[in-house]
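*Asks:* predicted model follows, preceded by the sequence.
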Amino acid sequence: MTYYLLHSGQMSAERLAAQVPKLVAIEELKRVNSEDIVIRYGNTDDPDRGKWTINRRESLLIADSRRALLKTLRRTGVHSPKFTNRDEEAETRNHLIRHYRIPVFNLRVLACFRTEGKTVWLSKRINQIQDHFMEVPIDVDDEARKVGLLAVRAMHALGLEFGLVSVGIGPKGRPIVLDLNATPVCKGRLLHIYVNAINEFIALDERMYRIDGDKVLLGTDLEFMLKSRHGKLILASRFFPVKGRVGCDDRTLAGDHSRRPLAEIRPLPAATPETLCQNIEYALHEAMKLAKTPYPEWVAGSAPFERYPIGGHIHFSGVPHTARFVNCLDAYVGLPLMLIEDPVSSARRRPKYGFLGDVRHKPYGGFEYRTPASFLVDPNITLGALALAYVVAHHHVELPYIELHNSQRLRAFYRNDRDFLLPIAEDVYANVKRTSSYLLYHESIDLIFTMIRNDEVWDESIDLRKAWQLPVPITSVRKTTVRKKMQPSLSVRGGVRT
């Protein structure tokens with residue numbers, strides 16, 4: 001395997017290649033074979049080749065056009081200017097109070113630079129504007145942290161992994177992506193930052209083939225909501241605490257921390273999908289002890305109530321976070337699960353929530369994938385979702401890359417265009433079936449893709465307690481009544497619910 005830097009004679013490319021020993025500078029793709037990795041630095045002459053391309057050709061072409069770049073960002077829910085005319089430029093410039101530049105590589109924030117200068121010329125690209133920026137610590141500055149998350153989101157929305165993002169801050173503290181440069185000028189501090197990032201990427205990529213699969217753990221936190229017999233929202237905080245195996249999400253009503261609408265279960269992590277599914281059931285039984293009434297019903301999915309999108313976050317540890325892994329999660333987990341969501345509530349949820357590549361790093365060293373809706377609706381769907389996550393965690397190095405970031409596919413994803421996306425889902429299914437892990441969980445995985453083929457979606461109206469065969473009380477139980485501890489009713493083995 002060889003790591004290539006494809007460029008067009010830029011000085012920055014020569015500086016990068018000179019300081020990264022394992023990076024071979026080239027100006028055409030003839031030497032690249034199927035096992036090689038390519039970093040494109042502005043050269044868009046030929047179609048992508050090799051095992052993996054950082055900054056794919058089509059994404060670079062979008063980034064080269066200011067209009068196409070802003071249109072793509074807005075389509076994916078990234079706050080950015082609507083126009084590039086003079087009136088819009090003057091309005092945006094007059095309303096910015098700070099300006100950041102964020103270098104990103106492999107979907108990681110490398111540093112954060114800030115200026116108090118308010119001069120932002122939207123008619124000029126980021127590499128045409130000179131200003132004095134000061135580096136700020138991103139781990140202790142809350143605004144810098146938010147800007148960094150937005151910068152990574154903007155990069156992934158365009159299908160890019162290497163670049164410099166320009167972000168402004170409005171008077172109310174809302175960040176707005178102003179521009180993005182996929183061929184940043186690399187010298188001084190920026191050169192040092194990118195050289196370190198590329199060296200780390202190569203070292204990590206070489207270790208990916210030696211990852212111990214036995215150390216990979218899956219976890220999840222799954223949100224649900226409470227619905228009265230008349231279909232009204234009941235606050236989760238009436239029944240559940242904030243923290244614990246069963247608790248409430250951070251979201252509040254009107255900033256009142258005592259009023260929380262979303263419930264959440266946080267089962268223990270596990271090495272296999274079936275064990276994690278059992279841990280989910282244990283957590284649901286724990287929740288039953290706190291809410292011993294037939295009503296409210298428990299509902300999950302995309303957005304059981306119009307203003308409340310909910311999610312099913314999948315946690316990973318023991319496997320490194322890489323841009324390739326995130327792209328595989330989008331194609332092999334996020335896309336199939338989106339296609340079995342209720343399309344009406346899915347439209348309520350996206351693109352603000354459930355956007356492609358929604359990943360958050362966790363204090364324990366792992367990360368969570370936040371794109372899926374709450375797949376708690378049914379235990380068989382839950383197991384299928386976790387089985388797909390397991391396949392990606394163990395086989396993402398070998399799974400073929402599936403493009404989701406061109407304009408047509410992005411539009412189809414955020415509009416839930418099932419007819420357009422069905423052939424892509426068939427490719428996903430075929431690739432999953434070639435992995436050795438598919439044989440372990442084929443029944444659960446087949447269920448997901450059978451639903452997709454049959455144009456079936458999950459039922460968000462059903463009480464998930466009944467779906468999970470939990471003992472729903474017939475009448476309300478007084479607080480003084482002591483109930484016998486219930487044993488779990490569901491056992492999942494080898495991908496089969498028994």
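*Replies:* Received it, and whenever you're ready, just let me know what you need. Numbers count the residues shown, from 1 in each chain.

*Asks:* mind listing the strands for the stretch 201-350 of the chain?
*Replies:* Secondary structure of the stretch 201-350 of the chain (DSSP state E, counting those that start in this stretch): strands at 217-227, 233-234, 246-248, 263-265, 297-299, 312-317.

*Asks:* redo these as JSON lines? Include distance to His132, mean pLDDT and mean neighbour count.
*Replies:* Placement of C-beta: from N, CA and C, glycine included. Formatted as JSON lines, the strands of the stretch 201-350 of the chain follow (distance: least, C-beta to C-beta, whole Å; pLDDT from 0 to 100; neighbours: other C-beta atoms under 10 Å):
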{"stretch": "strand 217-227", "distance to His132": "43", "mean pLDDT": "97", "mean neighbour count": "23"}
{"stretch": "strand 233-234", "distance to His132": "50", "mean pLDDT": "96", "mean neighbour count": "18"}
{"stretch": "strand 246-248", "distance to His132": "45", "mean pLDDT": "95", "mean neighbour count": "23"}
{"stretch": "strand 263-265", "distance to His132": "45", "mean pLDDT": "97", "mean neighbour count": "26"}
{"stretch": "strand 297-299", "distance to His132": "53", "mean pLDDT": "97", "mean neighbour count": "23"}
{"stretch": "strand 312-317", "distance to His132": "40", "mean pLDDT": "96", "mean neighbour count": "23"}
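
*Asks:* for Gly366, find the nearest of those strands.
*Replies:* Of all the strands of the stretch 201-350 of the chain, strand 312-317 sits nearest to Gly366, with 3.3 Å by C-beta to C-beta.

*Asks:* sheet-wise, list the partners of the closest one with their directions.
*Replies:* Under the criterion DSSP bridges, strand 312-317 sits next to strand 217-227 (antiparallel), strand 367-369 (antiparallel) in its sheet.

*Asks:* put together JSON lines for those strands, with distance to Val359 on each row.
*Replies:* Formatted as JSON lines, the strands paired with strand 312-317 follow (distance: least, C-beta to C-beta, whole Å):
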{"stretch": "strand 217-227", "distance to Val359": "14"}
{"stretch": "strand 367-369", "distance to Val359": "6"}
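
*Asks:* I'd like to know which of these lies nearest to Pro137.
*Replies:* Smallest distance to Pro137 across the strands paired with strand 312-317 (C-beta to C-beta): 20.8 Å, for strand 367-369.

*Asks:* check contacts around Met225.
*Replies:* Met225 makes contact with Leu233, Ala236, Pro261, Leu262, Ala263, Trp298, Val299, Ala300, Pro304, Phe305, Tyr308, Ile310 under the criterion C-beta atoms under 8 Å, 6 or more residues apart in numbering.

*Asks:* how about a cut-off of 7 Å?
*Replies:* Shown in contact with Met225 (C-beta atoms under 7 Å, 6 or more residues apart in numbering): Leu233, Ala236, Pro261, Leu262, Ala263, Val299, Pro304, Phe305, Tyr308, Ile310.

*Asks:* for the closest residue to the fourth one other than its chain neighbours, give me its contacts.
*Replies:* Of all residues beyond its chain neighbours, the one nearest Leu262 is Asp249 (3.7 Å), with distances taken as C-beta to C-beta, 6 or more residues apart in numbering. The neighbourhood of Asp249, defined by C-beta under 7 Å, 6+ apart, consists of Glu223, Arg260, Leu262, Glu264.

*Asks:* what residue spans form the domains of the chain?
*Replies:* The record's domain parsing of the chain by automatic domain parsing lists 3-60, 64-181, 213-467.

*Asks:* save the ones you listed as a markdown table, and put in distance to Arg189 too.
*Replies:* Output for these, formatted as a markdown table (distance: least, C-beta to C-beta, whole Å):
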| stretch | distance to Arg189 |
| --- | --- |
| domain 3-60 | 13 |
| domain 64-181 | 7 |
| domain 213-467 | 23 |
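
*Asks:* comparing these by mean pLDDT, which bottoms out?
*Replies:* Least confidently modelled of the domains of the chain is domain 64-181, at a mean of 83 by mean pLDDT.

*Asks:* could you tell me the end-to-end distance of it?
*Replies:* Criterion C-alpha to C-alpha, to the nearest Å; first-to-last residue distance in domain 64-181 is 8 Å.

*Asks:* so what's the gap between that domain and the chain middle?
*Replies:* 20 Å (C-alpha atoms, centre = their mean, to the nearest Å).

*Asks:* ditto for stretch 411-427
*Replies:* With C-alpha atoms, centre = their mean, you get 18 Å for stretch 411-427.

*Asks:* run through who's touching that stretch.
*Replies:* For stretch 411-427, the external contacting residues (C-beta under 7 Å, 6+ apart) are 75-76, 335-336, 338-339, 343, 346-347, 350-351, 356, 402, 404, 449, 452, 455.

*Asks:* can I take it that Arg114 is in a strand?
*Replies:* Yes - read with DSSP: H, G, I helix; E, B strand; the rest coil, Arg114 is one of the residues of a strand.

*Asks:* angles on the backbone of the nearest residue to Arg324 once chain neighbours are set aside, please.
*Replies:* Leaving aside its chain neighbours, Arg324 sits nearest to Trp52 (5.7 Å; criterion: C-beta to C-beta, 6+ apart). When quoted as degrees, to the nearest 10, the phi and psi of Trp52 stand at phi -150, psi 140.

*Asks:* quick one: Trp52 and Ile39 touch, right?
*Replies:* No - Trp52 is beyond contact range of Ile39, at 9.6 Å (criterion: C-beta atoms under 7 Å).

*Asks:* compare the two (neighbour count), which wins?
*Replies:* Ile39 (25 against 20; other C-beta atoms under 10 Å).

*Asks:* quickly note the distance from the nearest residue to that one once chain neighbours are set aside to Thr371.
*Replies:* Closest residue in space to Ile39, ignoring its immediate chain neighbours: Ile54 at 4.5 Å, by C-beta to C-beta, 6+ apart. To Thr371, Ile54 is 21 Å away according to C-beta to C-beta, to the nearest Å.

*Asks:* and the contacts of Asp249, which two are furthest apart?
*Replies:* Longest span within the contacts of Asp249, C-beta to C-beta: Glu223 and Arg260, 11.0 Å.

*Asks:* TSV for the contacts of Met225, including distance to Asn106?
*Replies:* Compiled in TSV, the contacts of Met225 are given as follows (distance: C-beta to C-beta, whole Å):
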residue	distance to Asn106
Leu233	41
Ala236	37
Pro261	36
Leu262	32
Ala263	35
Val299	38
Pro304	36
Phe305	37
Tyr308	34
Ile310	30
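
*Asks:* can you give me the neighbour number for the residue nearest to Asp455 when sequence neighbours are not counted?
*Replies:* Among residues not flanking Asp455 along the chain, Arg418 sits closest, at 6.7 Å (C-beta to C-beta, 6+ apart). Neighbours of Arg418 under the rule other C-beta under 10 Å: 16.

*Asks:* was I right about Leu164 contacting Val109?
*Replies:* No - counting by C-beta under 7 Å, Leu164 does not reach Val109; the two are 11.4 Å apart.

*Asks:* and these two? Which one has more around it.
*Replies:* Leu164 (24 against 21).

*Asks:* which residue is the nearest non-sequential neighbour of that one?
*Replies:* Pro184 (3.8 Å).

*Asks:* how about that neighbour, secondary structure?
*Replies:* coil.

*Asks:* could you report the neighbour count for it?
*Replies:* So Pro184, with other C-beta under 10 Å, has 22 neighbours.

*Asks:* need the pLDDT of it.
*Replies:* At Pro184, pLDDT is 94.

*Asks:* wait, what's in contact with it?
*Replies:* Pro103, Gly163, Leu164, Leu190.

*Asks:* quick check, nearest of those to Leu69?
*Replies:* Gly163 (10.9 Å).

*Asks:* pretty sure the closest one is touching Val104, no?
*Replies:* Yes - at 5.8 Å, Gly163 and Val104 qualify as touching, with contact defined as C-beta under 7 Å.
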